[in-house]
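Student: here is a sequence with its predicted model. Questions after.
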Amino acid sequence: MIRADALRIIAEEGLTRSVWFDEPTRKTNAVVIVEHDSGFDVFDTGERAEEVDGSRIRHQTEDAALTDFIHRLRVWNELAQREPDLWR
């Protein structure tokens with residue numbers, strides 16, 4: 001997967017709760033993707049906009065990181081639809 005594909009999926013599926021690469025990561029109940037010198041990290045934030053312990057996965061390739069990122073976004077959005085009061 002490449003960035004353009006991920007952005008297309010996010011738009012087509014109306015996925016929310018994402019923090020895309022260089023955006024500030026201080027967003028509650030979100031999925032974050034960041035790039036660094038040795039690869040890419042994907043992690044979740046909780047209700048206080050802090051990284052959820054144990055959620056960070058380091059990927060060596062952008063393809064793997066974007067695949068993980070989209071998967072997590074789909075899960076978060078599914079949970080938000082099922083239990084909207086929990087994810088305001």
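Tutor: Done, it's in.
Student: tell me the contacts of Glu62?
Tutor: Met1, Ile2, Arg3, Glu35, Phe40 (C-beta atoms under 8 Å, 6 or more residues apart in numbering). Every residue, glycine included, has its C-beta placed from N, CA and C.
Student: okay, those residues in TSV with distance to Thr61, pLDDT and secondary structure next?
Tutor: Shown next, in TSV, are the contacts of Glu62 (distance: C-beta to C-beta, whole Å; pLDDT from 0 to 100; DSSP: H, G, I helix; E, B strand; the rest coil):
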residue	distance to Thr61	pLDDT	secondary structure
Met1	10	95	coil
Ile2	11	97	coil
Arg3	13	96	helix
Glu35	11	96	strand
Phe40	7	97	strand
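Student: so which pair among those is furthest apart in space?
Tutor: Met1 and Glu35 (14.4 Å; C-beta to C-beta).
Student: who has more neighbours out of these two?
Tutor: Neighbour count, other C-beta atoms under 10 Å: between Met1 and Glu35, Met1 has more, with 16 against 13.
Student: all helices for this structure, in order.
Tutor: Along the chain, counting by DSSP state H, helices occupy 3-13, 62-82.
Student: and the longest one, which residues are buried?
Tutor: When neighbours are counted by 16 or more other C-beta atoms under 10 Å, the buried residues of helix 62-82 are found to be 62, 64-70, 72-73, 76-77, 80.
Student: measure the residue minimising distance to the centre of the chain to Asp85 for me?
Tutor: For the chain, the residue sitting closest to the mean C-alpha position, by C-alpha atoms, centre = their mean, is Val31 at 2.5 Å. Note on Val31: its distance to Asp85, by C-beta to C-beta, to the nearest Å, is 20 Å.
Student: all set, thanks.
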